[in-house]
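[1] how would this look folded up:
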Amino acid sequence: MADTFVAGRPPEPPGPPEHRGDAAWAGAPEAQGAYNEQDEPPPMPGPMGLRDTSGVQVRLGSRRRARQGGARRRGGRRGGLVAAGALVLAGLVTVGLVLTRGSGDGGTTTPGPVAGAGGPDVPLPRAGKAIEVGTADGARYRIAAVSSGVAGGLVTTFQSPPSGTSFAYVEYLLTNPTNQKVLLDFPGDVFVKRTLVAPDAQGRCMPQAGVPEDMCTPPTKSRVVRRLAGGEPIPGEGGDTYLPPGSTYLVRATVDVPVRREITGKDMGLYVWKQLNMADQLAKEAPFPP
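    A predicted model of the protein is given here:
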């Protein structure tokens, strides 16, 4: 067997082979690859491991974090854009509302009607001596009779009154004398001579204590004719209506049964008799003007 030698080095006598381990191959270029493959530890599993991709080492954990960071930045930018857009839209809506409210001739606003507000007062008609009544809850009313008459064309329970009859009415002033609103109520009722009521309707005409015995009060319907002083009626809850403080209205109270057409003011009267207003007192008359 021939002796082993390396070119470029003087021959040496053979001796016992020296064990140099893998280091003996480390200096040989043709063995560098194999040496590196042997010494390089295997890739560590997990996000921080290394991976050979076409000769380029890629740190997977860094790429993943980069992607996540980019997504967060994009999400932050999108959130910022959405918030900015919402602010811009809110600003446009506010500007639009301001322009809408301020639009019009001269740039001024036109207020809507205010409850309790009224137009110019008108002269009060001539009336009789006023009487004042109240309720248990503190509401106060002042009424004063103005005039009486008959209204043949008024539609009531009797759609067409018998020949020679009509429907009597009394007009009076209804005033709220207090400094606070009060419920719109009609304390006054019309009393007529019983003998002047149509025979088939006399059973609906009731006497009351404090009123002359020959007079009775039939069912009566009352309504506001017009405002004379103070504000307009104030709407309330449940369909209620209130009188503004210091206001005066002209009210017409019309009986709901036919009476003889020749009835006059001497045959009628305006009284307050309901227990709500009078408690246990007798009916009180609001006289016509002399």
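[2] Around the closest residue to Val255 other than its chain neighbours, how many other residues sit close by?
    Leaving aside its chain neighbours, Val255 sits nearest to Pro218 (4.7 Å; criterion: CB to CB, 6 or more residues apart in numbering). For glycine as for every other residue, the C-beta is placed from the backbone atoms N, C-alpha and C. Neighbour count for Pro218, taken as other CB atoms under 10 Å: 27.
[3] Is Pro218 in contact with Gln208, as I believe?
    No: here Pro218 does not reach Gln208: they are 11.8 Å apart, not a contact under CB atoms under 8 Å.
[4] Rounded mean pLDDT for the helix or strand containing Phe191, please.
    For Phe191, the host element (DSSP states H and E) is strand 189-193. Averaged over strand 189-193, pLDDT sits at 97.
[5] Restrict it to CA atoms and write it as CSV.
    C-alpha atoms of strand 189-193 as CSV (Å, rounded to 0.1, in the frame of the first residue of the first chain):
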residue,chain,number,x,y,z
ASP,A,189,-125.8,78.5,33.6
VAL,A,190,-128.9,79.9,32.0
PHE,A,191,-132.2,79.8,33.9
VAL,A,192,-135.5,80.5,32.1
LYS,A,193,-139.2,80.7,33.1
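[6] got the contact list for Gly188?
    Residues near Gly188 by CB atoms under 8 Å, 6 or more residues apart in numbering: 143, 145, 170, 172, 174, 222, 251, 253, 270-272, 286.
[7] Please tell me how far it sits from Arg260.
    22 Å (CB to CB, to the nearest Å).
[8] Next: Asp200.
    13 Å.
[9] Over to Pro187?
    27 Å.
[10] what about the strands in the stretch 151-290 of the chain?
    Taking DSSP state E, counting those that start in this stretch, the strands of the stretch 151-290 of the chain run over residues 165-166, 168-175, 182-183, 189-193, 215-216, 220-229, 234-235, 241-243, 248-255, 259-260, 268-272, 284-285.
[11] neighbours around Leu196, how many?
    With other CB under 10 Å as criterion, Leu196 counts 21.
[12] Would you confirm that it contacts Arg261?
    No: contact criterion CB under 8 Å: Leu196 and Arg261 do not qualify, at 9.4 Å.
[13] Can you verify my assumption that Pro287 contacts Ala145?
    Yes: proximity of Pro287 to Ala145 meets the contact threshold set by CB under 8 Å, at 6.2 Å.
[14] who touches both of these two?
    128, 270.
[15] Tell me how many other residues surround the residue nearest to Tyr271 when sequence neighbours are not counted.
    Distances taken as CB to CB, 6+ apart put Ala283 closest to Tyr271, at 4.6 Å, once the chain neighbours are dropped. Residues near Ala283, counting by other CB under 10 Å, number 19.
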